[in-house]
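1. I would like the atomic coordinates for the input below:
(chains A and B)
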There are 2 protein chains.
Amino acid sequence: MKEYKRLPQHIGIIPDGNRRWAQCNGLNKQDGYDYGINPGLELFKECLRLGIKELTFYGFTQDNTKRPAIQTKAFQKACVDSVLKLLDYDCNILVVGNTNSPLFPKELIPYTKRTTIGKGLINVNFLINYGWDWDLNHAFVDEHITEKGHFIDKIASSQISRMDLIIRWGNRRRLSGFLPVQSIYADFYVLDQMWPDFKIEHLHEALEWYQVQDVTLGG
Amino acid sequence: MKEYKRLPQHIGIIPDGNRRWAQCNGLNKQDGYDYGINPGLELFKECLRLGIKELTFYGFTQDNTKRPAIQTKAFQKACVDSVLKLLDYDCNILVVGNTNSPLFPKELIPYTKRTTIGKGLINVNFLINYGWDWDLNHAFVDEHITEKGHFIDKIASSQISRMDLIIRWGNRRRLSGFLPVQSIYADFYVLDQMWPDFKIEHLHEALEWYQVQDVTLGG
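-> Okay, the predicted model is just below:
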């Protein structure tokens, strides 16, 4: 059982590569998402054990929903199933995304307010039908624009804290719109493996690497 | 003379590692910045030759100015010298940063409006006394908040286009507040070498890598 001197408070997860994995394994593209559900649960359980305080999964974006309908349905279902699986664990669930759209899964509406399950030991956030510009633009909608305070407190994802570490599977070295405000100072670790090939060692590989990164926050 | 099939339109440059380089070379920390000026010019000239359309250098941030005054003065001077050196070349210079502060170098005020030099073959932007929250918050200042249009057109850096490729020297895999809106879809290439050890091959290494990245823009 590994322990770390220096743990990130908040880890962001970009679980990419489901479609490429499916194709490499002789499946249709949309079949990959289903194989990404258990990896998410395994990763969550290890973070819970390690004492990580917050975890954010990049579910799907408004841009993603421009893909063929059969794929959109498949990743919507995988995201819903991923959230509902956490109802057996001590966590605080929050879903952030544009609910004013038929593409937002109705089953997740209750979790758009932070919901404590059991002892609520870890905050787990899912971005569902999310968009980086939707997120930032939220600060400009009429009911917020006249409120006092910094715009950062008015963006749609304002309840999600700054990320310390972002881990991306599937070999692409870009953020793809993942929480532009909260990713500002995050250390960014990329794995070549596709998300359905997740192994718990990938998380530890990223945490080992994180041990030797220094936090400067621009200072 | 290398040529590429697929060129990024806009490259972002994070020239990090000047202080660490100075220390490794028996100098005081602040002495490193001066050795970062020529690398910037060499990189610019190669981008001009290759036909890159836009180049953005991460000069210094408002956070950086919290460092000891002797360091702040050194990077301010290095940034001013870097901008002025470009006056001998065909480019369009733009400096973006908070000018309402004594920490903004007065010599660069003229370039806070895009300035065409000679044939203006490439846009070159410098972030000087920049802050990611200052940039975004600009859309909220009174004279802009009531204007029509998307908030992205009202941020302080709105004249800087989306970046395709970001190259960072000095081994750190984070964005450190570098243009949160324009970095959304950028591919991110990190070099172990410190910025004063810049070699033209580093740029080509990043461009070779960029050849095999696919652009999805979330689709």
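2. only C-alpha atoms from now on, for both contacts and neighbour counts.
-> Fine.
3. can you tell me the SS state at the most centrally placed residue in chain A?
-> Here the mean C-alpha position of chain A is nearest to the C-alpha of A:F57 (C-alpha atoms, centre = their mean), at a distance of 1.4 Å. Secondary structure for A:F57, judged by DSSP: H, G, I helix; E, B strand; the rest coil, is strand.
4. what residues does it make contact with?
-> A:G12, A:I13, A:I14, A:P15, A:V124, A:N125, A:F126, A:L127 (C-alpha atoms under 8 Å, 6 or more residues apart in numbering or on different chains).
5. mind doing that once more with 10 Å?
-> Contacts for A:F57 (C-alpha atoms under 10 Å, 6 or more residues apart in numbering or on different chains) come out as A:11-15, A:40, A:44, A:79, A:82-83, A:95, A:124-128, A:166, A:178.
6. just checking: which of those also lie near chain B?
-> A:I166, A:F178 (C-alpha under 10 Å from any C-alpha of the partner chain).
7. among the contacts of A:F57, which are located in helices?
-> Judged by DSSP state H, the contacts of A:F57 include A:G40, A:F44, A:C79, A:S82, A:V83 as members of helices.
8. and the fourth one, what pLDDT?
-> As predicted, A:S82 sits at a pLDDT of 98.
9. so what's it up against?
-> A:D34, A:G36, A:I37, A:N38, A:P39, A:G40, A:L41, A:F57, A:G59, A:Q76, A:F126.
10. now the helices for chain A?
-> A:18-24, A:37-50, A:69-85, A:132-137, A:142-145, A:200-211.
11. coming back round to it: which of the ones in helices among the contacts of A:F57 sit farthest apart?
-> Maximum pairwise distance among the ones in helices among the contacts of A:F57 (C-alpha to C-alpha): 14.1 Å, between A:F44 and A:C79.
12. the more surrounded of these two?
-> Comparing A:F44 with A:C79 by other C-alpha atoms under 10 Å in any protein chain shown, the one with more neighbours is A:C79, at 25 against 22.
13. quick check: closest non-adjacent residue to that one.
-> Residue nearest to A:C79 in three dimensions, not counting chain neighbours: A:G59, with 6.2 Å by C-alpha to C-alpha, 6 or more residues apart in numbering or on different chains.
14. close enough to count as contact, A:E54 and A:I166?
-> No - here A:E54 lies out of contact with A:I166, judged by C-alpha atoms under 10 Å, at a distance of 11.9 Å.
15. where do the contact lists of those two overlap?
-> Here A:E54 and A:I166 have A:P8, A:H10, A:I11, A:G12 as joint contacts, going by C-alpha under 10 Å, 6+ apart.
16. what subset of the residues you listed is buried?
-> A:P8, A:H10, A:I11, A:G12 (16 or more other C-alpha atoms under 10 Å in any protein chain shown).
17. distance check, the closest residue to the second one other than its chain neighbours against B:K66.
-> The one in question is A:H10. In space, and not counting its chain neighbours, A:H10 is closest to A:E54: 4.5 Å by C-alpha to C-alpha, 6+ apart. For A:E54, the distance to B:K66 equals 29 Å [C-alpha to C-alpha, to the nearest Å].
18. ditto for A:N25
-> Taking C-alpha to C-alpha, one finds A:N25 at 52 Å from B:K66.
19. and for A:Y111?
-> In this view, A:Y111 and B:K66 are 41 Å apart by C-alpha to C-alpha.
20. so between these two, which is more surrounded?
-> Counted by other C-alpha under 10 Å, A:Y111 and B:K66 do not tie: A:Y111 has more neighbours, with 18 against 12.
21. give the buried residues for stretch A:13-30.
-> Using 16+ other C-alpha under 10 Å as the test for burial, stretch A:13-30 gives A:I13, A:I14, A:P15, A:D16, A:G17, A:N18, A:R19, A:R20, A:W21, A:A22, A:K29, A:Q30.
22. repeat that for stretch A:76-84.
-> Neighbour-count burial for stretch A:76-84 flags A:Q76, A:A78, A:C79, A:V80, A:D81, A:S82, A:V83 (criterion: 16+ other C-alpha under 10 Å).
23. can you add distance to A:D90 and give those back as TSV?
-> Formatted as TSV, the buried residues of stretch A:76-84 follow (distance: C-alpha to C-alpha, whole Å):
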residue	distance to A:D90
A:Q76	24
A:A78	21
A:C79	19
A:V80	18
A:D81	17
A:S82	15
A:V83	13
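24. of these, closest to chain B?
-> A:Q76 (15.3 Å; C-alpha to the nearest C-alpha).
25. the nearest residue to the closest one once chain neighbours are set aside: neighbouring residues, count only.
-> Leaving aside its chain neighbours, A:Q76 sits nearest to A:P105 (6.9 Å; criterion: C-alpha to C-alpha, 6+ apart). Using other C-alpha under 10 Å, A:P105 has 16 neighbouring residues.
26. pretty sure A:P105 contacts A:T99?
-> Yes - A:P105 is within contact range of A:T99, at 8.2 Å (criterion: C-alpha under 10 Å).
27. common neighbours of those two, please.
-> In contact with both A:P105 and A:T99: A:I128, A:N129, using C-alpha under 10 Å, 6+ apart.
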